[in-house]
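*Asks:* 3D model of this:
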Amino acid sequence: MLNLKGIIKWLRSPLFWILILAGFLRLYQLGTNPPGFFRDEAAKGYNAYCLLKTGRDIDNRSLPIFTREFTVYNSALPTYLVIPSIVLFGLTEFATRLPFAVVGILTVFLTYLLTSRVYNPRTGYLAAFLLAVSPWHLLFSRWANQGILLPLFITAGLYCWIRAFEPDVKHTKQWLISSLIIFAISLYTYDIAKVFIPLFLVGLFIIYRQEIRRNSLFFLLGLCCFLILILPQVWFSLTAPELTQERFNRISIFALSNSPSAIFNLFIKNYVTHFSPNFLFISGDSNLRHSVFGLGQLYLFEIPFLLYGIYILFRQRTKFEQLLIWWVVLFPVPASLTYEGIPHALRTICAIPVFSIITAHAIDTLLQRVPVYAAKSFSYRGMRVLIMTLIIANISFFIFNLFFFYPQYSAPVWQYGWRDA
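*Replies:* Numbers count the residues shown, from 1 in each chain. From the prediction side, this is the model:
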């Protein structure tokens, strides 16, 4: 029997409406916007179709762990995710993109779960909303790119990790092992995970070393599961480096035949560039598959809140906030090892949830620090209206741009017209 009160409570929850918004922004015109159908998307869709019909990929390999997309070999996980969608909707652009849009929506939900667990529900709602309308996250949720899976697995792994070490938790073993299993699977999402996840876990283990000591047996069990699950990835990388590293070898800073000092200087330059206001807030990635024209990867209104949020992290320095600092420090590293398209939004896609969480925490902290008498004043209400107007205008500009102008000016980079030709 349906619990009517529970349904009404859920319908009144801000999270419900945030997820509705996230779903609408990711599913509306999904088959036609982005325009065209980029070759990487087509490869995933057709590989999934072949696996569905024959159990073999385009290279005639049975149920592969890695599949070829033209000249590049990637994990087959994203391709397998497309199969149920093709069963339901056929071999179409919409069907190929749908699983990645759903992943984007789930990441919004998991960001709420993680943030509300660490801070409070209001901060969770704010973080989920910021992610739901994020230019960075939204655009990547609307096409079949495996990179969008990484933020999902990071937030899911962290949520299980946080649950494992809560006071009086009854299922530490299950949460801890689940966390490490999720982090292991994340290595099969997108290539930058091979660099980011191991470094991220080193920081995670150091920050939570006391909790790990108290649960050393469960941790070792989880670590064994982690190592077993990554064995195929390691084996394939060692036995077929010409396939797994072919793309990286072409775009790596080590391929430029420079001296060690020149390589180091280029890495530092690349690293710093990813923190530039121009990339984050003004013009974003130059590749129109990664950003819309006239906007950064984040909104302009986020600048003061993000700066204040980083200040809070260094001032409070709880374990989770130390981890957020490590996350921010680490996110440009994989992209900085390449020289192509710097700064690169896709190769730094692992950063998206952390910026939403930090900004949400800053906004909630500011709201809590407003005295009661000040909150009732005319000047405060006027300031709040002004700030909300600017935020709505900033978000509306992006959404209007994405759905009305973006399909026209971005068409060439999406190979629009190839189907007709």
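*Asks:* which stretches of the stretch 151-300 of the chain have low pLDDT?
*Replies:* Along the stretch 151-300 of the chain, segments meeting pLDDT under 70 are nowhere present.
*Asks:* residue ranges of the helices in it, please?
*Replies:* 172-186, 193-207, 209-214, 216-239, 241-244, 246-251, 260-273, 277 (DSSP state H, counting those that start in this stretch).
*Asks:* in the helix or strand hosting residue 406, what's buried?
*Replies:* Residue 406 is part of helix 406-409 when elements are defined by DSSP states H and E. The neighbour-count criterion (16 or more other C-beta atoms under 10 Å) identifies 406, 407 as the buried residues of helix 406-409. Glycine gets a C-beta too; all of them are placed from N, C-alpha and C.
*Asks:* just stretch 70-85 next, same as before
*Replies:* 73, 74, 75, 76, 77, 78, 79, 80, 81, 82, 85.
*Asks:* can you list contacts of it?
*Replies:* Stretch 70-85 is contacted from outside by 39, 43-45, 47-48, 51-52, 57, 64-67, 95-96, 98-100, 103, 144, 146, 149, 185, 188-189, 191, 233, 240, 243-244, 246-247, using C-beta atoms under 8 Å, 6 or more residues apart in numbering.
*Asks:* Please list only the buried members of these.
*Replies:* The buried subset of the contacts of stretch 70-85 (16+ other C-beta under 10 Å) comprises 43-45, 47-48, 51, 57, 64, 66-67, 95-96, 98-100, 103, 144, 146, 149, 185, 188-189, 191, 233, 244.
*Asks:* In helices, which of those fall?
*Replies:* The helices in this structure, assigned by DSSP state H, contain 43-45, 47-48, 51, 95-96, 98-100, 103, 149, 185, 233, 244 from the buried ones among the contacts of stretch 70-85.
*Asks:* so how far is stretch 379-398 from its chain's centroid?
*Replies:* Here the centre of stretch 379-398 is set off from its chain's centre by 27 Å, with C-alpha atoms, centre = their mean, to the nearest Å.
*Asks:* Tell me the one among the buried residues of stretch 70-85 nearest to residue 273.
*Replies:* residue 74 (26.0 Å; C-beta to C-beta).
*Asks:* For the closest one, give the beta-bridge partners.
*Replies:* Legend: beta-bridge partners of residue 74 under DSSP bridges are residue 67.
*Asks:* Return the per-residue confidence for it.
*Replies:* pLDDT recorded at residue 74 is 85.
*Asks:* separation between it and residue 209?
*Replies:* Separation of residue 74 from residue 209 (C-beta to C-beta, to the nearest Å): 34 Å.
*Asks:* Tabulate the helices of the stretch 151-300 of the chain (JSON lines), appending distance to residue 27.
*Replies:* Listed next are those as JSON lines, based on distance: least, C-beta to C-beta, whole Å:
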{"stretch": "helix 172-186", "distance to residue 27": "25"}
{"stretch": "helix 193-207", "distance to residue 27": "26"}
{"stretch": "helix 209-214", "distance to residue 27": "39"}
{"stretch": "helix 216-239", "distance to residue 27": "31"}
{"stretch": "helix 241-244", "distance to residue 27": "34"}
{"stretch": "helix 246-251", "distance to residue 27": "31"}
{"stretch": "helix 260-273", "distance to residue 27": "34"}
{"stretch": "helix 277", "distance to residue 27": "32"}
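*Asks:* circling back: which other residues reach the helix holding residue 406?
*Replies:* Outside helix 406-409, the residues that reach it (C-beta under 8 Å, 6+ apart) are 32, 33, 34, 35, 288, 292, 293.
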